[in-house]
Structure formats: structure tokens, C-alpha cells
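In: pasted the sequence and its predicted model underneath.
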Amino acid sequence: MLTIKNLSFSYGSIQTLNSVDMEMETGQVTCILGRNGVGKTTLLKNIMGILDPLPGSSIQMDGIQLISMAPHRRAKSGLGYVPQGRQIFPRITVEENLKVALQGRRDGSRIIPEYVYELFPVLKEMGGRMGGDLSGGQQQQLAIARALCGDPGILVLDEPTEGIQPNIIQQIGEILRELVEERGMTVVLVEQYLDFVKEFGHNFYVMNRGRVVAEGETSELSDDIISKHLSV
Ligand SMILES: Nc1ncnc2c1ncn2[C@@H]1O[C@H](COP(=O)(O)OP(=O)(O)OP(=O)(O)O)[C@@H](O)[C@H]1O
Ligand SMILES: [Mg+2]
């Protein structure tokens, strides 16, 4: 479980997160929603340790305080990250992209887990290709597979459906469901595609200008919330 309390962050003098409180429960898909520029990616970067929050902020993973823990140590503690825009390594092969992530494993294994290839068979077929030569959808699959190679307990994804065609989106959703239901993984999902949230998410938080403005179960995601905070 991830527990965020009073999380605030500013880029220089511009405060981007303002006293955010959230709980991401174990074995659930918790969705972070909000229009462009409200602070979703900034929130995830604070969780991952890429950005440092303001004093007084707390981010705990199963009771362990993550604030001031270096990013690689957070990864080793079981946090996996699929960044917005995928950011796979374009000039090394697919297999090498996956192998890089093995360094974050807690068990020290240097072997790509077979279940990752079972989830994404296309990555086995294309293991020798350069990451940058994959299609956008395949790169997104590679980014998720890469995060799984680090053996995370909590998988944090930033808009995995962005720019992806519907059949791959559906496949990604089903993989997330399998990870949660069969591996007990906790998923934190930033997402703007509401049908995906309703189909695969359990809980949601809506952000607006760096604050949480609504929360609940995804079945309670009302037209009122959507028109007030999400529709463009
Ligand atoms: N490195 C930076 N320096 C200064 N301001 C930044 C920086 N990165 C982001 N911002 C600003 O912080 C705010 C929140 O950005 P963030 O990327 O977290 O939004 P987001 O909710 O992820 O948006 P999107 O849906 O477009 O991905 C925006 O106003 C953005 O312009
Ligand atoms: Mg973003």
C-alpha cells in the first residue's frame, strides 16, 4: 500500500502539488485523473524520487518512508515505473532494454522472467530489434515489460494508453487486471481515457491545479465530476 500525506511540490516558485493526500490500496488499480497540466506526472515523479517534495510531505510504502530515499533504492524496494511517453532506450535491443531493468531486482536474478514474455510474446519475437524501431504500441508494451523485469510490488504507469490503438489498449488493460488478480500487484495509473478507467480501475482520485478535488470508486465516477473536472 502507498500512503501519501500532505504532499506538496514546487518547480521554483510555482507550486504544482498542494497538500495531496492519497491511499493506493494493495491489489487494486488506483487511477489518477485530471486535465492536462494539473500535476499528475509531477505527482508520479515525486513518488518515484525523481523530484523532491517540499518539507512536511510524506510518501510511505507499506509503512516505509520513501521521502529522501534515492530513486534506485525505491525501485529496489518494489516500485516499478512506466513513464509518460514510454522512454524506452531506442539504441539498444528490446532484450537489452529488459535486461537493464533486472538490475533493480530485489532477488538479484539476472534472467528475464518467462511470464513477462508470456504477457508480451511480441517482445520475444522482436528481442533483437532496436527499441527505437518498434511501433508506438510495441514500445509501450516494452516499457511495461521493462518495469515488470524489476519485479515490482507496486506498478506506477503514466498514461499507458496515450497514442495507442484500441486493440493494444484493451490488451494492456487485461494485462493490468491479470497482474492485480493473479500476482496481487498494486497499480497506480495516471489515465485520461475514462472508459479504460471504468473498465480496469477500482478507485480514483481527480486532481485539479495540484489538489485532489474528488475521489471514490470508479463505479461512482459521475457525470458531474466528469463535466466539472475532466471534460475539455
Ligand atoms: N520541469 C518543469 N519546470 C517547470 N514547470 C513544470 C515542469 N514540468 C512541468 N511543469 C509544470 O507543472 C504543471 C504540472 O505538470 P505535469 O506534467 O505534472 O502535468 P500533467 O497533469 O501530467 O499533464 P499532462 O496530462 O499534460 O501529462 C504544468 O503547469 C507544467 O507546465
Ligand atoms: Mg503528465
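Out: Received the coordinates, thanks. Ligands and ions are numbered 1, 2, ... in the order given.
In: make it CA atoms for all contacts and neighbour counts henceforth
Out: Noted.
In: Q140: neighbour count?
Out: Using other CA atoms under 10 Å, Q140 has 28 neighbouring residues.
In: this structure: helices as residue ranges?
Out: 40-48, 71-76, 94-102, 114-119, 121-125, 136-149, 166-183, 194-200, 223-225 (DSSP state H).
In: as CSV, the ones you listed with mean pLDDT and distance to M1 would be great.
Out: Compiled in CSV, the helices of the chain are given as follows (pLDDT from 0 to 100; distance: least, CA to CA, whole Å):
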stretch, mean pLDDT, distance to M1
helix 40-48, 98, 13
helix 71-76, 94, 14
helix 94-102, 96, 22
helix 114-119, 97, 23
helix 121-125, 97, 30
helix 136-149, 97, 18
helix 166-183, 96, 13
helix 194-200, 97, 18
helix 223-225, 94, 26
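In: return the most buried member of those.
Out: Ranked by mean neighbour count, the helices of the chain are led by helix 136-149 with a mean of 24 (mean count of other CA atoms under 10 Å).
In: show residues contacting stretch 69-89.
Out: Here stretch 69-89 makes contact (CA atoms under 8 Å, 6 or more residues apart in numbering) with 41, 48-50, 66, 97, 104-106, 131-132, 139-140, 142-144, 147-148, 150-160, 162.
In: should've said stretch 8-23
Out: With CA under 8 Å, 6+ apart as the test, stretch 8-23 has contacts from 1-7, 38-39, 42-43, 52-55, 57, 205, 209-212.
In: recalculate using a threshold of 10 Å.
Out: Under the criterion CA atoms under 10 Å, 6 or more residues apart in numbering, residues 1-7, 30, 32, 37-40, 42-43, 46, 51-60, 203-205, 207-213, 215 lie in contact with stretch 8-23.
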